[in-house]
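J.: need coordinates for the following:
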Amino acid sequence: MMEQAEHKSSTPEVDKTAGRWRPWLYWGLGSLLYLYAFFQRVAPSVMVNDLMLAFGIGAALVGHLSAFYFYAYGVVQIPVGVLVDKLGARRVLCAAALLCAVGSLFFAYASQIVLAYLGRLLIGLGSGVAFVSTLKIISQWFPVKRFAMLSGLTLMLGMLGGIGGQAPLAMLVDRLGWRETMVWASVFVFVLAVLLMLFVRDAKTTDVKGEEAHEDGVAPGLKAVIKNHQICIIAGVGFFQPAALFAFASLWGVPYMAVAYKLSNAEAAGMMSLILLGWAVGAPLQGWVSDHLHLRKIPLVLSAFTAAASLAGIIYMPGLPLPVVQVLLVVNGICSSALILVFALVQENAHAQSAGTAMGFANMAVILSAAVVQPVVGKILDINWQGAMSGGVRLYDVVDYQWALLPVMVMAFLAFVSSLFVRETHCRRFQP
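T.: All right, here's what the predicted structure looks like:
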């Protein structure tokens, strides 16, 4: 068993003169960028046919187009932990919001698929900063006992952004077109960048006496994280757990529901919003229950099993009554939101001096899940495509989607299996 002794580290020096509302303002503005990040994460799901038509592509390339966001998002996770520690959340969040604004414009005005890739890449780079930076704000301005709850509330706001990127976005796209809608999305995040620069402040940090010296940079912290077997296992859960969210709710679920239940694009998007609603309700609830019971592993294992079972019913039992499917979608979202416990477990298993890198490492695993599985689903759809088309768009039947979504089902099962190997921390930093 590797050493897990807690290292002493820098301590936030919170401005005691700051009003009680200010930390909530800082957190709220950071969370708004995460809300926008999730909006952009799921936005392609309601534009699948529009994107196929605009760029003359099939499902596989739509999967890659959506996944470019996740490629960039995943790569930036570990460096962003170091950047936030060195530069502060305010500067990093502001720069990230500007990147998102530029990326949204590139995507909106792309005349070729390569430019659309670039737009999604820039959006992913900016969005990748939001969650870790907001967690930094929480750790600086709020008591430690509120970390899990506020992390859950942050994830809840992200899910609300995802809900906005489903049925409401589908209606906007139908009315304005996908390009003009993305222009307005760029305007929103540019205004947010200005607000972040004007109002967010970073807490000063002072070194604790006797703190052990350690090397700066990404490599030393990453090495310590990789050597920690528990963090690797927990990151594995983080990789498998959100597959249903990223590949199903965020992209392929809308066209699947439209085909399986003969729904309009907006109606199918509304169905997928139920998963995101479940996440929005479940994330703070999971954090509160886990904190209250002083348990991490049991809620994680039970949630992973139930999430896998509900997903199997949604995908492989299309004859179920629609109200039953709606309940299963909400249940899947609530149970899948136990992903928030992954970040609490990482914090409790990591050395204090490498905690930021550990959080980035875990979040990278989460995002790479989408980068891997979204194109795989699209590729399997294209392999099974029978040549049917309508209005220049490829058509797939229910069986095609069921085969293509099999990797998502396998990952949901592996999330349950890997959660069995997580060590219970009882909500305390582990010490040998």
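
J.: who's in contact with Tyr71?
T.: By C-beta atoms under 8 Å, 6 or more residues apart in numbering, the contact list for Tyr71 reads Leu121, Gly124, Ala371. Heads up, the C-betas are built off the backbone N, CA and C, glycines and all.

J.: Val102 versus the first one, what's the distance?
T.: Looking back up the chat, that one is Leu121. 11 Å (C-beta to C-beta, to the nearest Å).

J.: residue ranges of the helices in the stretch 201-350 of the chain, please?
T.: Here the stretch 201-350 of the chain has its helices, by DSSP state H, counting those that start in this stretch, at 218-227, 229-240, 243, 253-261, 265-293, 297-316, 322-336, 340-349.

J.: can you give me the neighbour number for Pro323?
T.: 8 (other C-beta atoms under 10 Å).

J.: separation between it and Val373?
T.: Pro323 is 28 Å from Val373, by C-beta to C-beta.

J.: so where is the chain shaky, pLDDT-wise?
T.: Residues of the chain that meet the criterion pLDDT under 70 lie in 1-19, 144-145, 204-221, 352-356, 430-432.

J.: grab the nearest non-local neighbour of Ile138.
T.: Closest residue to Ile138 apart from its sequence neighbours, by C-beta to C-beta, 6 or more residues apart in numbering: Leu150 at 4.7 Å.

J.: tally of neighbours for the one you found?
T.: By the measure other C-beta under 10 Å, the count of residues near Leu150 is 23.

J.: next up, phi/psi of it, please.
T.: phi -70, psi -30 (degrees, to the nearest 10).

J.: hang on, it packs against Tyr26?
T.: No: counting by C-beta atoms under 8 Å, Leu150 stays clear of Tyr26, with 11.5 Å between them.

J.: against Ala108, how distant is Gly392?
T.: For Gly392, the distance to Ala108 - C-beta to C-beta - is 21 Å.

J.: ranges for the strands of this protein?
T.: 11-13, 204-206, 389-390, 393-394 (DSSP state E).

J.: so how far is the third one from its chain's centroid?
T.: Mean-position distance between strand 389-390 and its chain equals 33 Å (C-alpha atoms, centre = their mean, to the nearest Å).

J.: over to the last one?
T.: A distance of 29 Å separates the C-alpha centroid of strand 393-394 from that of its chain, computed with C-alpha atoms, centre = their mean.

J.: strand partners of that strand, parallel vs antiparallel please.
T.: strand 389-390 (antiparallel) (DSSP bridges).

J.: can you list contacts of the partner strand?
T.: Strand 389-390 is contacted from outside by Leu395, using C-beta under 8 Å, 6+ apart.

J.: try it again with 10 Å
T.: Here strand 389-390 makes contact (C-beta atoms under 10 Å, 6 or more residues apart in numbering) with Asn49, Met52, Leu395.

J.: and if you look at stretch 311-322?
T.: 243-244, 248, 253, 256-257, 259-261, 263, 271, 275, 324-329, 331-332, 335-336, 398-399, 401-402, 404-406, 408-409, 411-413.

J.: apply 8 Å and report the result again.
T.: So stretch 311-322 is contacted by 244, 248, 256, 260-261, 325, 328-329, 332, 398, 401-402, 405, 408-409, 412 (C-beta under 8 Å, 6+ apart).

J.: span of it from start to end?
T.: When the termini of stretch 311-322 are compared using C-alpha to C-alpha, to the nearest Å, they are 14 Å apart.

J.: for burial, what's the neighbour tally of the closest residue to Phe240 other than its chain neighbours?
T.: Distances taken as C-beta to C-beta, 6+ apart place Ala415 nearest to Phe240, at 3.7 Å, with adjacent residues excluded. Neighbour count for Ala415, taken as other C-beta under 10 Å: 29.

J.: gap between Ala415 and Asn49?
T.: Taken as C-beta to C-beta, the span from Ala415 to Asn49 is 31 Å.

J.: cool, Gly282 as well?
T.: When distance is defined by C-beta to C-beta, Gly282 is 31 Å away from Asn49.

J.: could you find the closest non-adjacent residue to Gly124?
T.: Leaving out its chain neighbours, Gly124 is closest to Ala72 (C-beta to C-beta, 6+ apart), at 3.1 Å.

J.: wait, that neighbour sits on Leu122?
T.: Yes: counting by C-beta under 8 Å, Ala72 does reach Leu122; the two are 7.4 Å apart.

J.: circling back: ok, now which ones touch the residue nearest to Ile138?
T.: So Leu150 contacts Trp27, Ile138, Phe142 (C-beta under 8 Å, 6+ apart).

J.: what's the closest of these to His351?
T.: Comparing those against His351 with C-beta to C-beta places Ile138 closest, at 19.4 Å.

J.: what's the burial count for Val342?
T.: Count around Val342 with other C-beta under 10 Å applied: 27.

J.: if I pick the closest residue to it other than its chain neighbours, what's in contact with it?
T.: Closest residue in space to Val342, ignoring its immediate chain neighbours: Gly238 at 4.4 Å, by C-beta to C-beta, 6+ apart. Residues near Gly238 by C-beta under 8 Å, 6+ apart: Leu339, Val342, Ala362, Asn363, Ala365, Val366, Ser369.

J.: burial of the residue lying closest to the first one once chain neighbours are set aside, as a residue count?
T.: Taking C-beta to C-beta, 6+ apart, and ignoring the residues beside it in sequence, Leu339 has Gln241 as its nearest neighbour in space, at 4.9 Å. By the other C-beta under 10 Å criterion, the neighbourhood of Gln241 contains 31 residues.

J.: which ones are touching Gln241?
T.: So Gln241 contacts Ala304, Ala307, Ser336, Ala338, Leu339, Val342, Val366, Ser369, Ala412, Ala415 (C-beta under 8 Å, 6+ apart).

J.: using a markdown table, lay out those residues together with distance to Asp85.
T.: Converted to a markdown table, the contacts of Gln241 look like this (distance: C-beta to C-beta, whole Å):
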| residue | distance to Asp85 |
| --- | --- |
| Ala304 | 31 |
| Ala307 | 33 |
| Ser336 | 30 |
| Ala338 | 28 |
| Leu339 | 24 |
| Val342 | 21 |
| Val366 | 20 |
| Ser369 | 25 |
| Ala412 | 34 |
| Ala415 | 30 |
